[in-house]
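# Let's see this in three dimensions:
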Amino acid sequence: MHQDRFYIPYTPTVREIWINGKEAHHILHVKRAKLGSKITLFDGKGIEYLANVTEILEDKLKVFIEQSEEVDRESVVDITIAFSIPKGKGATLLIQKCSELGVKTLIPLHCERSVVDIRHKSAEKIEKWNKVVIEASKQCKRNFLTKIEDVMSFDSLMKTINNYDLSLVACTDNHTRTLKSVLTEHPLARKIICLVGPEGGFTRGEIEMAVKSGCVPVSVGHSILRIETAVVAISSMLLYAYAD
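Numbering: from 1, shown residues only. A predicted model of the protein is given here:
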């Protein structure tokens, strides 16, 4: 039987815990839980808890944890997407869909042609985006949270490229190899990063720097995609290619 899922930002050390704040409001006033209602909690670190409501106050509730279980619904491939931040609501959509798909890490990337610059308010934006991650994980039954790193410059990111089994950079040049053809040559890759640039694309200098650092330029089709569309498409293709 389906049970509503709620996030707790810690791993309980006792069987009775209080839940307050936004999640308490959601449980009590949106889902209208009553005494004895059964709910599922998750801590974002892979553990799921079956609990029932034992006490209700105006703005918080107490639950008794009946059982806990490590439940891993994650892909075998560890995907990181470094993306230039799109305008408007594009970033929220991108983060929501990547969280649902199971992308492990997202890195906001500041490039030469980036239109949106959040470097002066990075902490504020990431706090907002983390809430999107939590809501997406509640809905799609992920027990881990997609990690959103602090905004990075292109140069800084290049220093981390060797940490991955396979590093890709999305490119729109006519003679760029397809993502499919590159992936067939790396069947055992398990830790992958892909860079997705701004609306105007990466500059020639950035592409050259990426290639020199070890990135493979790839194309995902003949169309010029929006940032959020490209990120979701690439993430989906990678997950499909390395599915169990």
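
# Can you give the contact residues for the helix or strand harbouring Glu135?
Following DSSP states H and E, one finds Glu135 within helix 122-140. Residues from elsewhere that reach helix 122-140 (Cβ atoms under 8 Å, 6 or more residues apart in numbering): 5-7, 42, 44, 91-92, 95-97, 99-100, 108, 118, 142-146, 148, 150-151. For the C-beta atoms, the positions are set from N, CA and C on the backbone; glycine is no exception.

# The closest residue to Ile27 other than its chain neighbours - how many residues pack around it?
With Cβ to Cβ, 6 or more residues apart in numbering as the criterion, Ile27 has its nearest non-adjacent residue at 4.9 Å, and that residue is Ala33. By other Cβ atoms under 10 Å, the residues close to Ala33 number 21.

# give the contact list for Ala33.
Per Cβ under 8 Å, 6+ apart, neighbours of Ala33: 4, 27, 39, 53, 56, 61.

# which two in these are spaced the farthest apart?
Farthest pair in the contacts of Ala33 (Cβ to Cβ) is Asp4 and Ile56. Separation: 15.3 Å.

# hey, what's Thr40 bridged with?
Arg5, Leu50 (DSSP bridges).

# Thought Ile47 was touching it, still the case?
No - the pair Thr40 / Ile47 is not scored as a contact, 11.0 Å apart, by Cβ atoms under 8 Å.

# Now Gly197: closest residue in space that isn't a chain neighbour?
Beyond its immediate neighbours in the sequence, the residue positioned closest to Gly197 (Cβ to Cβ, 6+ apart) is Ser84, lying 5.3 Å away.

# With Leu188 instead?
Leaving aside its sequence neighbours, Leu188 sits nearest to Asp165 (Cβ to Cβ, 6+ apart; 7.5 Å).

# Verify the stated contact: the one you found with Pro187.
No - counting by Cβ under 8 Å, Asp165 stays clear of Pro187, with 10.8 Å between them.

# higher neighbour count, those two?
Set Asp165 next to Pro187 and count neighbours by other Cβ under 10 Å: Asp165 wins out with 13 against 8.

# and the more buried one, how far is that from Arg190?
6 Å (Cβ to Cβ, to the nearest Å).

# same question, Val30
Val30 is 39 Å from Arg190, by Cβ to Cβ.

# And those two? Which one has more around it.
Under the criterion of other Cβ under 10 Å, the comparison of Val30 against Arg190 puts Arg190 first, with 14 against 9.

# which ones are touching that one?
Per Cβ under 8 Å, 6+ apart, neighbours of Arg190: 76-78, 165, 242.

# cool, and Ile8?
Applying Cβ under 8 Å, 6+ apart, the residues near Ile8 are 17, 19, 23, 41-43, 49.

# Give me the subset of those residues lying in strands.
17, 19, 41-42, 49 (DSSP state E).

# from these, which is closest to His222?
Using Cβ to Cβ, the ones in strands among the contacts of Ile8 come closest to His222 at Phe42, 40.6 Å.
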